[in-house]
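Chemist: I'd like to go over a predicted model; first the sequence, then the structure.
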Amino acid sequence: MYLSQQLKRLALLVTAAMALGWLLGYPFVALSLALLTLLAKSIYQQQRLLHWLKKDDGSEVPEASGSWEDIYDSLYHRLKGHRQREAQLKSVIDRIQESTQALRDGVVMIDSNGEIDWWNRAATRMLGLKRPDDVGQAITNLIRDPRFIRYFDQRDYTDPLELPATANRQLQLQFTLTEFGRSERLMLIRDVSRLHALERMRRDFVGNASHELRTPLTVIRGYLETLQDQCDELPLFKRALLQMEGQAKRMGSLVNDMLMLTRLETTDSLLDSSPVDVGQLLREVHGEAQLLAQERGHQITLEIDERYLLMGQERELFSAFSNLVMNAIKYTPDAGTIRVNWWVDDQGGHFSVSDSGIGIDAHHISRLTERFYRVDDGRSRAQGGTGLGLAIVKHVLIRHAARLEVDSTPNVGSTFSCHFPAHQLRPLEQSSAG
Ligand code: ADP
């Protein structure tokens, strides 16, 4: 009802009350009574409205007249719209929950305190969760593997984590976490047991095949040596045998590298680590490299920070450092310079090999640690490379929680650095005292 209509009604009431009052001789008493009646009606409607609002049971709007009818109507329409939107939202949420329930992958929602909020059926099966006991439990109480706890707490979820399931060790699970909202986390769990088994079969096959090739190769190499001694008079045969011996040696290196890689791939972390004297290790690597370097006229310098020992596996570290130094020698034209450094700072321990060699184009760098990836196939083979050296380096570093960095400029040189975390270091005095 418009304001003008309301004013008109009020004016009519006042006039009628005054007229009646005037006829009876009490115009102002009549006016006051009329206005009091209007006020009482208004208070009554107000109370009805409050009562109806408080009930909030979706009941029909109470009957009213005049401007109160308009108020009731507009309130009712608003409430109706609100309820419809609420119902729509609820049905969307129900549909999302239903589809998430039906997913084959496990889904767990974790609140900002790291406690479980909700999970789907697949997660129940994979993690053995129970409702309602596990609602509100800390996820790290249910998955107690230290690798999971470290992964969960570090809040860097770029790479997924693979672990055997606690409830069933045959099950291999892949965990991926995503942060959302206010520090809440969504955890996706995939059953990768089949992929894992296939990967293990592949690894076993390569390992077994390499192992099987070892004995025939040793026999062939033995005969080739004997035959060479007998062929002094036959230069053609001698040359052929020499080449055959070279190829057999190459095959031997390949088989050894493949075996080493298979062993390294079996686990991503070290089970047996002990303090390694990196200075001593590098002097050994330097000694072995020196022979080849001298042949090529290279100058190798060694700078070592002797204050700390590195926790790790000595033979693996030797293999990684030696591969990097040998590569520097192989891929640096004669009479080059090679600098080998080991130093410790707040960030951790660092090993680096810099050479004045052929360098590597930027677009190759991300692929260098792939098996058999070579920038120049011919050059690598001519240098006796197996194409597996940097893949070995990568796996040794993964097992030592370290990372590889490659910095290179074509025709200027390359620097390969290995960065070890500070928690892998032990001060020398403390280790010798203990
Ligand atoms: P390879 O046995 O062929 O040396 P690696 O895995 O050790 O295999 O190295 C892969 C490739 O990376 C090499 O073929 C080479 O092209 C390149 N590379 C490695 N180290 C260096 C280096 N210091 N300078 C230039 N290129 C390098």
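Modeler: Alright, I've got the coordinates.
Chemist: got the residues of the protein near the ligand?
Modeler: For the chain, the residues in contact with the ligand (C-beta under 6 Å from any ligand atom) are 323, 327-328, 331, 355, 357-358, 360, 368, 373-376, 380, 385-391, 414. In this view, the C-beta of every residue, glycine as well, is placed from N, C-alpha and C.
Chemist: Looking at those residues, which are in strands?
Modeler: Assignment to strands by DSSP state E places the following of these there: 355, 414.
Chemist: how deep is residue 124 tucked in, by neighbour count?
Modeler: Other residues near residue 124 come to 16 when the count uses other C-beta atoms under 10 Å.
Chemist: Likewise for residue 213?
Modeler: If you count neighbours by other C-beta under 10 Å, residue 213 ends up with 16.
Chemist: can you pull the buried residues of the strand or helix carrying it?
Modeler: Assessed by DSSP states H and E, residue 213 sits inside helix 193-230. Counting neighbours by 16 or more other C-beta atoms under 10 Å, one finds that the buried residues in helix 193-230 are 193, 196, 206-207, 210, 213, 217, 220-221, 224, 228.
Chemist: cool, and stretch 183-193?
Modeler: Using 16+ other C-beta under 10 Å, the residues of stretch 183-193 that count as buried are 185, 187-193.
Chemist: Ok, stretch 416-428 next?
Modeler: Residues of stretch 416-428 classed as buried under the neighbour-count rule (16+ other C-beta under 10 Å) are 416-420, 424-426.
Chemist: repeat for stretch 67-76
Modeler: 67-68, 71-72.
Chemist: Save those as a markdown table, and put in secondary structure and pLDDT too.
Modeler: As requested, the buried residues of stretch 67-76 are exported to a markdown table (DSSP: H, G, I helix; E, B strand; the rest coil; pLDDT from 0 to 100):
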| residue | secondary structure | pLDDT |
| --- | --- | --- |
| 67 | helix | 78 |
| 68 | helix | 81 |
| 71 | helix | 83 |
| 72 | helix | 81 |
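Chemist: if I look at the residue nearest to residue 284 when sequence neighbours are not counted, how far off is the ligand?
Modeler: Of all residues beyond its chain neighbours, the one nearest residue 284 is residue 318 (6.8 Å), with distances taken as C-beta to C-beta, 6 or more residues apart in numbering. Residue 318 sits 15 Å away from the ligand when distances are taken as C-beta to the nearest ligand atom, to the nearest Å.
Chemist: Quick check, pLDDT for residue 318.
Modeler: Per-residue pLDDT puts residue 318 at 97.
Chemist: That one - how many residues pack around it?
Modeler: Counted with other C-beta under 10 Å, residue 318 comes out at 17.
Chemist: Make residue 1 into 39 and carry on from there
Modeler: Yep, numbering from 39; the last one is residue 356 now.
Chemist: closest point of the stretch 139-288 of the chain to the ligand, which residue?
Modeler: With distances taken as C-beta to the nearest ligand atom, the stretch 139-288 of the chain approaches the ligand most closely at residue 288, which sits 10.3 Å away.
Chemist: Hmm, that residue is touching residue 423, no?
Modeler: No. The pair residue 288 and residue 423 does not pass the contact test of C-beta atoms under 8 Å, sitting 9.2 Å apart.
Chemist: higher neighbour count, the two?
Modeler: For residue 288 and residue 423, the more surrounded residue by other C-beta under 10 Å is residue 423, and the numbers stand at 24 against 14.
Chemist: pLDDT on the strand or helix carrying residue 381, on average?
Modeler: Assignment of secondary structure by DSSP H and E places residue 381 within strand 375-383. The predicted model gives strand 375-383 an average pLDDT of 97.
Chemist: Counting neighbours, which of the residues of the chain next to the ligand end up buried?
Modeler: Among the residues of the chain next to the ligand, those buried by neighbour count (16+ other C-beta under 10 Å) are 361, 365-366, 369, 393, 395-396, 398, 406, 412-413, 418, 423-429, 452.
Chemist: backbone phi and psi for the closest residue to residue 425 other than its chain neighbours, please?
Modeler: Spatially, and ignoring its direct neighbours in sequence, residue 425 is nearest to residue 410 (4.0 Å; C-beta to C-beta, 6+ apart). Its backbone dihedrals place residue 410 at phi 60, psi 20, with angles given as degrees, to the nearest 10.
Chemist: all strands of the stretch 39-188 of the chain, in order?
Modeler: Using DSSP state E, counting those that start in this stretch, the strands assigned to the stretch 39-188 of the chain run over residues 144-148, 154-157.
Chemist: tell me the most buried of those?
Modeler: Each of the strands of the stretch 39-188 of the chain was scored by mean neighbour count; the highest is strand 144-148, a mean of 21, by mean count of other C-beta atoms under 10 Å.
Chemist: what's the average pLDDT for that one?
Modeler: Averaged across strand 144-148, the pLDDT comes to 95.
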